[in-house]
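Asker: pasting the sequence and the predicted coordinates here, then a few questions.
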Amino acid sequence: MNVMLFGPELYFLGAALVFFLLTLKKRVEPKTDYQIALAIGVGGLVVTVLCLCQQGEMFFKAYRVDLFSQIFKFALALAFFFVLTISHNLAHIEERYHAEFYLFLTTTTIGMMMLVSSVELLTIYVSLELSSYSLYILVPLRRGDGIDVEAGIKYLLIGAVSSGVMLFGLSYLFGATHSTYLVDILPKLPQLVSSPIGLFGLLLALAGFFFKLSVFPFHFWAPDVYQGAANQVTTFIATASKAAAVALLLRMVALGAGYGYGFAQALVILSIISMTLGNLVAIIQRDFKRLLAYSSIAHAGYFLMGILTMKEAGYIASVYYALAYLVMNFTVFMVISEVAKDGRDLKIQELAGLYRRSPLLSLSLIVGLFALAGVPPSIGFTGKLLLFTSAMNQGYFWLVLIGAVNGTISLYYYLRVIYCSYFTDDPNLGPVAISTPMRMLNYALIVIVLGFGVFPDRIVELAKAAVKTVL
């Protein structure tokens, strides 16, 4: 077996071992732990880039390494590094638990990396559980007023139920096809859909994936978990877990598209409800993280627009938008982390006068929010354009129209946040100091969000090459 095929996973497994050893130290050294974690995060980016062009199969063909999986592994390593850059001040996590925070952040990254390469039901399930259980521990790790515990319990219970439902569905699929390999199951989908056991099993199995993506009706956990978890944990859930879920759904749909994978109409309904519900409920939110939680539910509907086309153009648009969403969503969460340095939940009105308190953070905020709303020339606009175009070419005119209307609705509550930071002021709120490395990160994110929006060719070509490996 070529070790480089499993390079990113082995690297992060070694990193998890390092963090485990750090948890055994009697003396608490949060600054040293952070420096080690940051160095490991940079190393993870290097390793995933070096392994980008690896191709092959492992573990009796249950694990597939190709450009598609390696791109998403790089995205996960990037999300891991991004979260570490804003973890220099883990205010709401006790210092003695900082090493544990890095440990479980690493193990959930390993699980997600395994998830994007898994092409066998049991491997998918084990990978999903590895990533999920680590997050179940990270969410209540926050030291707060009890909302952290409530969020952790809700996340655990809803996650456990969705996991059980998914496993039940996978057992039905195995019973109907006598195989756990996707390449054996997906060609039999036309027969599966026409039989009660196959259809029921497929719907139950998809429940687990939709839970990760927070698609309606599996979205109930998102607002409470976003609000209750520490800002850094919420950032990781909002970026990395979405990318992993999109990768898995894309691989399943792409493998089955040529065999009449006929779930388009069901996905259309889920897409419409997710977009509409997420955007409408976000309007009335006062807590910034809860607003972003409902925004993520709406964006899950946008992701489905590309997936349900069952065509190469739609898959390319989904890959592009997944990478774009990771960057633009992190940009907004970075502002939250820097403004709320004490780890508190940030209310929208607490952004008052941000243009005066920190002009650079206010610029990052407006760029990130406009990108999420799909305003040109941002990366979010290009992503939505690709998604809408791919859906329109397949005849989904009404879906695209509803998506455009929802984009307009989302612009309202994003503008409300921008209005608060630029056109209101509170003299009681002092300036927000940011370090030189954070300034550099702000500039880099602004350039990425605007630069790849104007010049998306390279990312689109990379997405096209990745999609071709799974078709």
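Answerer: Arrived safely, thanks for sending.
Asker: how many neighbours does residue 456 have?
Answerer: The tally of other residues near residue 456 (other Cβ atoms under 10 Å) stands at 19. For the C-beta atoms, the positions are set from N, CA and C on the backbone; glycine is no exception.
Asker: if you could redo that for residue 392, that was the one I meant.
Answerer: Using other Cβ under 10 Å, the number of residues around residue 392 comes to 16.
Asker: what's the nearest residue to it if we skip its chain neighbours?
Answerer: Computed as Cβ to Cβ, 6 or more residues apart in numbering, the closest residue to residue 392 that is not its neighbour in sequence is residue 400, at 5.0 Å.
Asker: state the mean pLDDT of whichever helix or strand the one you found is part of.
Answerer: Per DSSP states H and E: residue 400 is located in helix 397-423. For helix 397-423, mean pLDDT rounds to 87.
Asker: now do the buried residues in that helix.
Answerer: Using 16 or more other Cβ atoms under 10 Å as the burial criterion, the residues of helix 397-423 that qualify are 399-400, 402-403, 406-407, 409-411, 413-415, 417-418, 420-422.
Asker: okay, now the residue nearest to residue 121 when sequence neighbours are not counted: neighbour count?
Answerer: Nearest non-adjacent residue to residue 121, counting by Cβ to Cβ, 6+ apart: residue 180, 4.1 Å away. Neighbour count of residue 180, defined by other Cβ under 10 Å: 19.
Asker: name the residues of stretch 328-343 that come out as buried.
Answerer: Going by 16+ other Cβ under 10 Å, stretch 328-343 has these buried residues: 328-340, 343.
Asker: okay, who's weakest in those residues by pLDDT?
Answerer: Within the buried residues of stretch 328-343, pLDDT is lowest for residue 343, at 72.
Asker: SS state for that residue?
Answerer: Secondary structure, DSSP: H, G, I helix; E, B strand; the rest coil: residue 343 is coil.
Asker: now the helices for the stretch 101-250 of the chain?
Answerer: Secondary structure of the stretch 101-250 of the chain (DSSP state H, counting those that start in this stretch): helices at 121-138, 147-177, 182-185, 189-194, 196-213, 221-228, 231-256.
Asker: out of the ones you listed, nearest to residue 112?
Answerer: Evaluated over the helices of the stretch 101-250 of the chain, closeness to residue 112 peaks at helix 231-256, with 3.9 Å, by Cβ to Cβ.
Asker: tell me which other helices or strands that closest one touches.
Answerer: The contact analysis (3 or more Cβ pairs under 8 Å, 6 or more residues apart in numbering; DSSP states H and E) places helix 231-256 against helix 67-85, helix 98-117, helix 121-138, helix 182-185, helix 196-213, helix 221-228, helix 288-307, helix 312-339.
Asker: angle of it against helix 98-117?
Answerer: Angle of helix 231-256 versus helix 98-117, following axes from the mean of the first three to the mean of the last three Cα atoms, to 10 degrees, is 10 degrees.
Asker: helix 231-256 to helix 221-228, inter-axis angle?
Answerer: Going by the same axes, to 10 degrees, helix 231-256 makes 150 degrees with helix 221-228.
Asker: and helix 231-256, how far out from the chain middle?
Answerer: 5 Å (Cα atoms, centre = their mean, to the nearest Å).
Asker: one more: stretch 342-359?
Answerer: The answer for stretch 342-359 is 24 Å, by Cα atoms, centre = their mean.
Asker: residues of that stretch that come out buried?
Answerer: Buried residues in stretch 342-359, counting neighbours by 16+ other Cβ under 10 Å, are found at 343, 345-348, 350-358.
Asker: any chance of those residues in a markdown table, plus distance to residue 367?
Answerer: Below are these laid out as a markdown table (distance: Cβ to Cβ, whole Å):
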| residue | distance to residue 367 |
| --- | --- |
| 343 | 24 |
| 345 | 23 |
| 346 | 18 |
| 347 | 22 |
| 348 | 18 |
| 350 | 20 |
| 351 | 15 |
| 352 | 19 |
| 353 | 19 |
| 354 | 13 |
| 355 | 13 |
| 356 | 18 |
| 357 | 17 |
| 358 | 14 |
